[in-house]
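Undergrad: Sequence plus the predicted model coming up.
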Amino acid sequence: MKTIAVLGSTGSIGTNTLDVVRGNRHLYQVYSLVAGHNIEILTAQILEFRPKLAVVATAEGVNLLTASLEASGLPRAEWPQLGWGDKGYLDAVREPQVDTVISAIVGVAGLEATYEAVCLGKRVGLANKEVLVSGGSLVMEAVRRHGSELLPVDSEHNGAHQCLRAGNRDQVSKLILTASGGPFRKTPIRDLAFVTPAQALNHPTWKMGNRITIDCATLMNKGFEVIEACWLFDFAPSQVEVVVHPQSTVHAMIEYTDGSVLAQICATDMRMPIQYALTYPDRAEAPVPKIDWSKAREWEFMPPDFAKFPLLKVAYQCLETGGSATCTLNAADEIAVEAFLQGSVGYLSISEIVQETLSRVPCRTPRSVGDILEVDRESRACARELVKARAAGTVTA
Ligand SMILES: NC(=O)c1ccc[n+]([C@@H]2O[C@H](COP(=O)([O-])OP(=O)(O)OC[C@H]3O[C@@H](n4cnc5c(N)ncnc54)[C@H](OP(=O)(O)O)[C@@H]3O)[C@@H](O)[C@H]2O)c1
């Protein structure tokens with residue numbers, strides 16, 4: 001039986017993870033649940049999965065969770081231990097009983113606990129892409145040093161992981177990551193200045209958290225995935241190609257040196273890669289719709305429009321720059337996306353704020369989680385200033 005810690009249990013990946021657990025209670029037990037602020041969902045998860053530890057983002061959240069558990073009627077003797085903040089996140093993964101950690105907090109808030117799990121040699125199912133985008137060098141060095149297993153949950157990387165099992169790594173020439181193209185694939189470039197958060201949140205194929213959904217609309221998400229893939233599978237940026245595939249059914253392809261291309265194909269359902277990260281190297285029945293091959297279907301593939309989606313190109317440039325550039329890229333994007341969702345800046349300002357932040361924050365070589373968090377803080381502060389200038393109308397976008 002696997003004993004699991006779920007970082008980000010109340011989010012899209014977290015709830016899907018618990019759905020996989022729900023279907024296989026004889027295989028998995030939940031040791032710890034880590035949430036941010038959603039006390040209602042966390043309380044329901046505690047009542048159903050009975051973890052030993054439940055963690056929220058703030059001390060105030062612990063008070064709210066205490067009140068919620070009291071109201072639920074669960075006898076105190078059956079309550080989990082309650083924790084909060086960074087120490088709580090670390091406690092959630094440190095318990096020796098925990099052998100598998102699903103890392104699904106959004107943003108760098110999940111970096112330290114994920115790094116700790118890697119350093120403790122645990123299996124980590126990695127959904128939180130900011131971990132490798134911000135701290136790829138440090139995290140992968142720790143994976144090698146501690147012999148931990150880092151299994152990608154992101155569907156494209158999970159697909160690549162599966163395709164790579166079919167051949168020798170030194171006979172691989174290229175990784176092809178597919179992108180849905182987002183809600184603005186067919187929007188003329190001149191209309192992008194007027195798109196709204198509601199339109200940007202209307203993803204054509206996936207239901208995900210707000211940040212990643214906006215990142216899909218700008219193709220920043222695909223840029224993050226290119227960065228993540230280079231770290232995970234040791235590819236040079238030039239070996240990772242992005243192809244727009246609006247049906248999101250082929251998740252990734254690996255081209256071998258003889259020109260043969262292997263694809264991983266699956267319905268758009270995150271429970272498949274989540275379960276793979278739990279069962280690897282085995283497979284098991286998954287609660288995922290199977291593709292009906294008796295029905296005719298068309299799958300399209302086309303190159304991305306780098307002029308319309310400049311952040312994809314910026315991601316490649318940051319990879320080439322190296323050091324802390326990708327950390328700044330992530331931090332600036334998070335602030336710009338937040339400002340767009342709040343209506344403080346327009347859609348086009350997202351890429352402008354990101355590029356301006358990159359030009360202002362000096363690039364260096366982070367050597368610890370503390371160094372990465374310092375670059376992250378500095379980059380956010382810079383991006384916030386740029387948002388403020390735009391919101392005040394001193395910059396037109
Ligand atoms: N959704 C997908 O299909 C998908 C696919 C590939 C990769 N990913 C990646 O997986 C990660 C999670 O994505 P998601 O779509 O599941 O996001 P989401 O639905 O927004 O969920 C984010 C989770 O993180 C928690 N959280 C946020 N800030 C926190 C903090 N400071 N401390 C502790 N917990 C915090 C949230 O808690 P509360 O809700 O309780 O505040 C929630 O549980 C992201 O990095 C995303 O890029 C997602």
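TA: Received, thanks.
Undergrad: neighbours around I291, how many?
TA: Look at I291: counted by other Cβ atoms under 10 Å, it has 12 neighbours. (Glycine included, C-beta is placed from N, CA and C.)
Undergrad: what residues are up against it?
TA: Taking Cβ atoms under 8 Å, 6 or more residues apart in numbering as the criterion, I291 is in contact with 249, 265-267.
Undergrad: ranges for the helices of the stretch 151-300 of the chain?
TA: With DSSP state H, counting those that start in this stretch, the ranges of helices along the stretch 151-300 of the chain come out as 155-164, 197-200, 210-218, 220-233, 271-279.
Undergrad: I figured G8 hits H37, correct?
TA: No - distance between G8 and H37: 11.8 Å, which falls outside the contact criterion (Cβ atoms under 8 Å).
Undergrad: More neighbours: which of the two?
TA: Per other Cβ under 10 Å, whichever of G8 and H37 has more neighbours is G8, with 26 against 14.
Undergrad: OK, contacts around that one?
TA: For G8, the contacting residues are 14, 34-36, 102-106, 110, 127-128, by Cβ under 8 Å, 6+ apart.
Undergrad: ok, now W79?
TA: W79 touches 46, 69, counting by Cβ under 8 Å, 6+ apart.
Undergrad: Kindly indicate which of the contacts of I291 lies nearest A391.
TA: Of all the contacts of I291, A391 sits closest to T249, with 39.9 Å by Cβ to Cβ.
Undergrad: rewinding a little: next, format the contacts of G8 as a markdown table and append pLDDT, distance to the ligand and neighbour count.
TA: Formatted as a markdown table, those follow (pLDDT from 0 to 100; distance: Cβ to the nearest ligand atom, whole Å; neighbours: other Cβ atoms under 10 Å):
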| residue | pLDDT | distance to the ligand | neighbour count |
| --- | --- | --- | --- |
| G14 | 98 | 5 | 26 |
| V34 | 98 | 6 | 33 |
| A35 | 98 | 4 | 25 |
| G36 | 98 | 3 | 19 |
| I102 | 98 | 10 | 33 |
| S103 | 98 | 8 | 29 |
| A104 | 98 | 5 | 28 |
| I105 | 97 | 4 | 27 |
| V106 | 94 | 4 | 21 |
| G110 | 96 | 7 | 21 |
| A127 | 98 | 4 | 32 |
| N128 | 97 | 4 | 29 |
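Undergrad: What is the nearest of those to A392?
TA: Checking those against A392 by Cβ to Cβ gives V106 as the nearest, at 28.0 Å.
Undergrad: Sounds good, over and out.
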